[in-house]
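In: Below is the structure, and that's it, no one-letter string:
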């Protein structure tokens, strides 16, 4: 049975579309086969599809989908496809981990229950503190201590009001007011939403994220630079320079010989007497050739009927005789 060209083209087109769809799903991280479980986070930050899912540092799956729960964005449903067959207790916790210089990932902290997660279950979630949150958390106790100190100092001043004169009380009240203002300014600076410190740390996060995204390009640039320096170090530059120096030395020696009247070239260039003799020889040869051309019978006499040419020889070249 002969298959028509249209059938062949249609079959190849169907195969190409299938391969394209499978490749697209693979690049999106949807090609992973395994058990699907879910986790709900209020904010996924740097988490994207195909980010790893890890247990105790070992990758056991990947993120295959991110969807909003409702139109109010009350949460984001994250689909975790587990590619390894593991016993994960139901009281385990999915933690979103977004490092400063890296991408996001989901870490599953195993619980101690005897019932295990099944297909379609939803894990409890937690979010690790970011750099700004950790910094704020470490500074909160210090701010609380400052506020307590100010309250205690205010109580002491109120008790001292009965024994201090009005001028002294006004000075102390001004000091306390300045301390309170400084405390409020410090608290506003450290506020994670609007403080300048939070904005600076946010800008630092953006810069480090750009470095992380451009990491392969930077590595490629350094690799090319290393290859170029290796080739340059292997090149026989010293030998080439040494050979050039020897050639220059020989050239200088040759020029020195020409200037020092040694050898034929030096004598020709520097001996005036030899130059004059060559000029005279050239003049005599020119006269001889001109005379041979004008009076050939004087040198070759083969005439049978004519008389001998009795004119004298030339005394100068023909050009000078005209």
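Out: Arrived safely. As the structure is a computational prediction, the values presented were derived from the model and not from experiment. Residues are numbered from 1 along each chain as shown.

In: Give the next helix or strand downstream of the strand or helix carrying residue 175.
Out: Taking DSSP states H and E as the criterion, residue 175 maps to helix 166-189. The helix or strand immediately downstream of helix 166-189 is helix 196-213, counting by DSSP H and E.

In: so what does that following helix touch, helix or strand wise?
Out: The contact analysis (3 or more CB pairs under 8 Å, 6 or more residues apart in numbering; DSSP states H and E) places helix 196-213 against helix 131-160. C-beta: built from backbone N, CA, C; applies to glycine.

In: again, only using 6 Å
Out: In this structure, helix 196-213 packs against no helix or strand, with contacts taken as 3 or more CB pairs under 6 Å, 6 or more residues apart in numbering; DSSP states H and E.

In: in the chain, which spans are helices?
Out: Under the criterion DSSP state H, the chain contains helices at 5-27, 131-160, 166-189, 196-213, 215-234, 237-259, 263-270, 272-294, 318-321.

In: From residue 7, how far off is residue 218?
Out: Look at residue 218 and residue 7: by CB to CB, to the nearest Å, they are 51 Å apart.

In: ugh, typo on my part, it should be residue 233
Out: 62 Å.

In: now swap in residue 214 and tell me
Out: Counting by CB to CB, the gap from residue 214 to residue 7 is 49 Å.

In: what stretches of the stretch 51-200 of the chain score poorly on pLDDT?
Out: Low-confidence segments of the stretch 51-200 of the chain, defined by pLDDT under 70: 99-102, 127-140, 142, 156-173, 176, 180, 182-183, 186-199.

In: hmm, try it at 80
Out: Scanning the stretch 51-200 of the chain with the threshold set as pLDDT under 80 gives 98-103, 127-200.

In: And for residue 112, the neighbour number?
Out: When counting by other CB atoms under 10 Å, one arrives at 7 neighbours for residue 112.

In: Phi, psi for it please.
Out: Main-chain torsions, residue 112, degrees, to the nearest 10: phi -120, psi 20.

In: which parts of stretch 281-290 are buried?
Out: 286, 287, 290 (16 or more other CB atoms under 10 Å).

In: will you turn the residues you listed into JSON lines that also has distance to residue 112?
Out: Shown next, in JSON lines, are these (distance: CB to CB, whole Å):
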{"residue": "286", "distance to residue 112": "122"}
{"residue": "287", "distance to residue 112": "127"}
{"residue": "290", "distance to residue 112": "126"}
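
In: Against residue 42, how distant is residue 79?
Out: In terms of CB to CB, residue 79 sits 17 Å off from residue 42.

In: between those two, who's got more neighbours?
Out: Neighbour totals were compared for residue 79 and residue 42, and residue 79 leads with 17 against 11 (other CB under 10 Å).

In: wait, doesn't that one sit right on residue 65?
Out: Yes - using CB atoms under 6 Å, residue 79 makes contact with residue 65 at a distance of 3.8 Å.

In: Outline the domain layout of this structure.
Out: 1-31, 34-128, 132-192, 195-234 (automatic domain parsing).
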